[in-house]
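# Here you go, sequence then predicted model.
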Amino acid sequence: MTDGDETRLYPNRDERGGAADTADHGRSSVSRRGLLAGSATAGAALTAGCPSGPGDGGTDTGTATGSERPGGDTVVVFNTGDATVSLIDPARDKVVDTQHVGLSASFPSNQYAPDLTTAGEDPLWLNVGRGVRAVAAGSLSEVARVETGSGSNWQELTPDGGSVVVSAREPAHRNLLVDADRDSETFGEAVGAIDRADEGGRGDRSGPGPCDVTVHPDGEFAYVPDLFGDTLTVLRIDPFEIERQIDVPTPDGGDSGGGDGGTDAAAAPWMGTVAPSGDRLIVEHRTGTESVWDTSDPAAPALLAQLTPDADGLGEGALTSEVGPESRYGYVFTPGTDDVSVVDIETESVTDRIDIGGSAFAGTWDPAREKLYVPVQTSDEVAVIDADARELVERIPVGSAPYGATAARVRPEPDESASLLAAMAAVGLDVGEADTTYCIGNCACGHQI
């Protein structure tokens with residue numbers, strides 16, 4: 001593995017190759033860009049005793065008063081730079097509130113959450129610290145946490161909302177099944193576990209590195225790309241067990257993704273998204289390539305195509321993806337070229353590259369699945385892509401270093417204290433400790449694997 005690969009996987013190692021200083025763990029970091037952009041507005045907010053922003057005619061720091069916040073569909077954006085969330089009204093594409101919540105999430109569950117989160121007590125599932133957590137959609141307060149033994153976690157709800165499937169990468173190398181039913185006696189507990197370290201991994205890796213998880217719409221199977229195992233693992237959800245493992249061939253035309261352990265190349269699958277139709281799966285590889293799979297038989301995915309930057313015009317640094325409402329187009333976040341690559345899943349080709357003006361690593365659909373909301377970490381904005389036109393239609397200023405996003409049919413209740421803390425954090429004031437999240441490429445300060 002090259003130094004660049006190590007930096008991308010472990011962004012918080014110091015220059016000596018070790019973990020980030022533990023003294024910084026749990027501290028929210030604030031960018032100078034955010035400090036300069038938000039100082040005037042936050043100063044006025046502190047004087048007035050409540051925050052202001054684009055929701056009520058203020059400046060573009062991404063805060064608004066509680067009176068500006070009617071209930072309804074909401075896009076929730078996690079700002080890793082200051083441990084805040086920006087709440088966006090998708091009907092108006094405006095930030096209606098920003099709250100300091102004391103944590104960040106880079107890859108929150110968002111595949112089925114927008115349809116399942118319809119009441120204030122319904123949970124949003126996040127990857128935080130060394131595990132996953134659930135916060136109530138109506139208050140953003142914690143209602144459950146599961147420690148996984150790893151600082152790099154991904155989680156996804158099943159379509160019925162009854163379970164969460166978790167991938168915990170190194171050092172745990174585990175998949176977990178968590179009870180997500182709020183009426184269950186075991187809500188928030190791991191009710192199934194598959195320890196996978198004995199599978200080994202490429203070179204001297206201690207396991208296969210289960211990285212990301214996406215759940216088939218039938219609710220019976222989940223797909224896990226194994227970064228260090230070069231496999232695609234199919235999990236059966238009930239009973240919770242491995243159904244099948246598929247060796248993934250090394251893509252042609254991509255950058256070497258597996259230089260560690262003495263090998264020159266590897267498949268290195270690390271993220272994936274199954275289409276709403278259920279018959280296709282797209283997978284991102286650390287080699288910078290994209291593969292398309294036939295999942296008409298959900299238990300036995302079959303590789304159809306591999307797309308590369310050189311041969312197919314894919315953007316660089318393919319990280320993760322979302323699939324459009326009609327299951328025809330995949331939107332691949334390619335931060336290496338500051339764009340989103342549009343993949344025609346039917347023709348297995350790249351049809352467009354949407355310039356978003358900065359680096360984005362993840363995104364979410366609004367509950368109506370009409371627009372894709374893409375946090376652009378390097379510009380403190382959310383880029384909005386229209387599903388029908390497949391083009392950028394709006395840019396929304398948010399908090400510092402936005403990364404992960406999800407959506408819900410409800411909106412968190414107004415919390416003036418949390419909004420005030422967000423305004424203070426925007427100008428660089430220390431508002432206390434905050435739990436961090438693992439991010440590929442860039443990360444919240446202090447996070448450790």
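Perfect, thanks for sending it. Computed from a predicted model, the values in this text were never measured in an experiment.
# Okay, and residue 232 sits in which element?
Residue 232 belongs to strand 231-236 when assigned by DSSP states H and E.
# For that strand, what does the pLDDT average out to?
When pLDDT is averaged over strand 231-236, the result is 98.
# Now that strand: buried residues?
Within strand 231-236, the residues scored as buried using 16 or more other C-beta atoms under 10 Å are 231-235. (Each C-beta comes from the backbone N, C-alpha and C, glycine too.)
# Show me which of these is closest to residue 441.
Closest approach to residue 441 among the buried residues of strand 231-236 (C-beta to C-beta): residue 232, at 22.7 Å.
# Just to check, the closest one is in contact with residue 285?
No: using C-beta atoms under 8 Å, residue 232 is not in contact with residue 285; the gap is 10.8 Å.
# which neighbours do the two share?
Residues touching both residue 232 and residue 285 by C-beta atoms under 8 Å, 6 or more residues apart in numbering: 248, 269.
# Can you list the low-confidence ranges for the stretch 151-300 of the chain?
Residue ranges of the stretch 151-300 of the chain with pLDDT under 70: 253-265.
# CA atoms of stretch 123-133 as CSV?
The C-alpha trace of stretch 123-133 is given here as CSV (Å, rounded to 0.1, in the frame of the first residue of the first chain):
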residue,chain,number,x,y,z
PRO,A,123,-34.3,6.5,15.2
LEU,A,124,-31.7,7.7,12.8
TRP,A,125,-28.8,5.3,12.8
LEU,A,126,-25.3,6.8,12.7
ASN,A,127,-21.6,5.7,12.8
VAL,A,128,-20.0,7.4,15.7
GLY,A,129,-16.9,6.7,17.7
ARG,A,130,-16.2,3.0,18.1
GLY,A,131,-19.6,1.8,17.1
VAL,A,132,-23.1,2.8,15.9
ARG,A,133,-25.7,5.0,17.6
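# what about that stretch, distance to the chain center?
In terms of C-alpha atoms, centre = their mean, to the nearest Å, the centre of stretch 123-133 is found 11 Å from the chain centre.
# Show me which positions of that stretch end up buried.
Buried residues in stretch 123-133 (16+ other C-beta under 10 Å): 123-133.
# repeat for stretch 143-159
If you call a residue buried by 16+ other C-beta under 10 Å, then stretch 143-159 has these buried ones: 143-146, 148, 150-159.
# again, but for stretch 334-353
By 16+ other C-beta under 10 Å, the buried positions in stretch 334-353 come out as 334-335, 337-343, 345, 348, 350, 353.
# nearest spatial neighbour of residue 111, skipping sequence neighbours?
Of all residues not flanking residue 111 in the chain, residue 156 sits nearest, at 5.4 Å (C-beta to C-beta, 6 or more residues apart in numbering).
# Pretty sure that neighbour sits in a helix.
No: counting by DSSP: H, G, I helix; E, B strand; the rest coil, residue 156 is not part of a helix but strand.
# Do a quick rundown of the strands in the stretch 1-150 of the chain.
In the stretch 1-150 of the chain, the segments counted as strands under DSSP state E, counting those that start in this stretch are 74-79, 84-89, 94-100, 123-128, 131-136, 142-147.
# Just put those in TSV and tack on distance to residue 327 and mean pLDDT.
Output for the strands of the stretch 1-150 of the chain, formatted as TSV (distance: least, C-beta to C-beta, whole Å; pLDDT from 0 to 100):
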stretch	distance to residue 327	mean pLDDT
strand 74-79	21	98
strand 84-89	25	98
strand 94-100	29	97
strand 123-128	24	98
strand 131-136	27	98
strand 142-147	31	98
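# Nearest to residue 361 among the ones you listed would be which one?
Nearest to residue 361, of all the strands of the stretch 1-150 of the chain, is strand 74-79, at 11.5 Å by C-beta to C-beta.
# Next, the angle strand 94-100 makes with the closest one.
With axes from the mean of the first three to the mean of the last three C-alpha atoms, to 10 degrees applied, the angle from strand 74-79 to strand 94-100 works out at 50 degrees.
# Walk me through which strands strand 74-79 pairs with, and which way each runs.
The strands beside strand 74-79 in its sheet (DSSP bridges) come out as strand 84-89 (antiparallel), strand 402-408 (antiparallel).
# and the angle for the longest one with strand 123-128?
If I follow you right, that is strand 402-408. Taking the same axes, to 10 degrees, one finds strand 402-408 and strand 123-128 inclined to each other by 160 degrees.
# next structured bit after strand 402-408?
Sequence-wise, the next helix or strand downstream of strand 402-408 (DSSP H and E) is helix 416-426.
# Would you mark the buried spots in that following helix?
Using 16+ other C-beta under 10 Å as the test for burial, helix 416-426 gives 418-426.
# For it, what is the distance to the chain centroid?
Relative to its chain's centre, helix 416-426 lies at 24 Å (C-alpha atoms, centre = their mean).
# got the CA positions of that helix in CSV?
Taking C-alpha atoms only, helix 416-426 is exported to CSV below (Å, rounded to 0.1, in the frame of the first residue of the first chain):
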residue,chain,number,x,y,z
GLU,A,416,-32.4,27.2,21.3
SER,A,417,-29.5,26.0,23.4
ALA,A,418,-28.3,23.6,20.6
SER,A,419,-28.7,26.3,18.0
LEU,A,420,-26.8,28.8,20.1
LEU,A,421,-24.0,26.3,20.6
ALA,A,422,-23.9,25.9,16.8
ALA,A,423,-23.5,29.6,16.3
MET,A,424,-20.7,29.7,18.9
ALA,A,425,-18.9,26.7,17.2
ALA,A,426,-19.2,28.5,13.9
